[in-house]
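Enquirer: what's the 3D shape of this:
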Amino acid sequence: MAEDNNLGGAAQQFEKVMNDYRGSSAAFNAAISLAQVRLIAEQNEGAITTLTAFLGENPPPEYAAPANGLLGTAY
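Expert: Residues are numbered from 1 along each chain as shown. Below is the predicted model:
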């Protein structure tokens with residue numbers, strides 16, 4: 001979806017996966033992807049909010065590491 005420049009649609013789908021599959025690797029990947037979509041759309045505040053909430057849930061290290069990297073990029 002992001003390739004088609006439908007960032008809003010991509011964000012909605014990632015949010016759906018995050019809600020429907022909470023706690024799964026799919027949800028963790030969706031949270032990181034949602035933050036990336038928000039950064040591409042120059043919505044840094046939204047990316048920061050998403051990543052801060054995600055990291056507050058104490059995800060596994062393999063997901064926390066890229067989330068922390070994106071958080072640094074968002075600032």
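
Enquirer: Can you verify my assumption that Asn44 contacts Ala74?
Expert: Yes - proximity of Asn44 to Ala74 meets the contact threshold set by C-beta atoms under 8 Å, at 4.8 Å. The way it works is simple: take the backbone N, C-alpha and C, and place the C-beta from them, glycine included.

Enquirer: pLDDT on stretch 6-24, on average?
Expert: Averaging pLDDT along stretch 6-24 gives 90.

Enquirer: So what touches it?
Expert: The set of residues external to stretch 6-24 that reach it, using C-beta atoms under 8 Å, 6 or more residues apart in numbering, is 1-2, 26-27, 30-31, 33-34, 37-38, 40-41.

Enquirer: Need the CA coordinates for that stretch. PDB is fine.
Expert: Listed next in PDB are the C-alpha coordinates belonging to stretch 6-24 (Å, rounded to 0.1, in the frame of the first residue of the first chain):
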ATOM      1  CA  ASN A   6      -1.900   5.200   0.100                       C
ATOM      2  CA  LEU A   7      -0.200   5.800   3.500                       C
ATOM      3  CA  GLY A   8      -3.500   6.300   5.300                       C
ATOM      4  CA  GLY A   9      -4.800   2.900   4.100                       C
ATOM      5  CA  ALA A  10      -1.500   1.300   5.100                       C
ATOM      6  CA  ALA A  11      -1.700   2.900   8.500                       C
ATOM      7  CA  GLN A  12      -5.200   1.600   9.000                       C
ATOM      8  CA  GLN A  13      -4.300  -1.900   8.100                       C
ATOM      9  CA  PHE A  14      -1.300  -1.900  10.400                       C
ATOM     10  CA  GLU A  15      -3.500  -0.600  13.300                       C
ATOM     11  CA  LYS A  16      -6.000  -3.400  12.500                       C
ATOM     12  CA  VAL A  17      -3.200  -6.100  12.800                       C
ATOM     13  CA  MET A  18      -2.000  -4.500  16.000                       C
ATOM     14  CA  ASN A  19      -5.400  -4.700  17.500                       C
ATOM     15  CA  ASP A  20      -6.500  -8.100  16.200                       C
ATOM     16  CA  TYR A  21      -3.300  -9.900  16.900                       C
ATOM     17  CA  ARG A  22      -2.000  -8.100  20.100                       C
ATOM     18  CA  GLY A  23       1.100  -9.700  21.500                       C
ATOM     19  CA  SER A  24       2.000 -11.600  18.400                       C
END
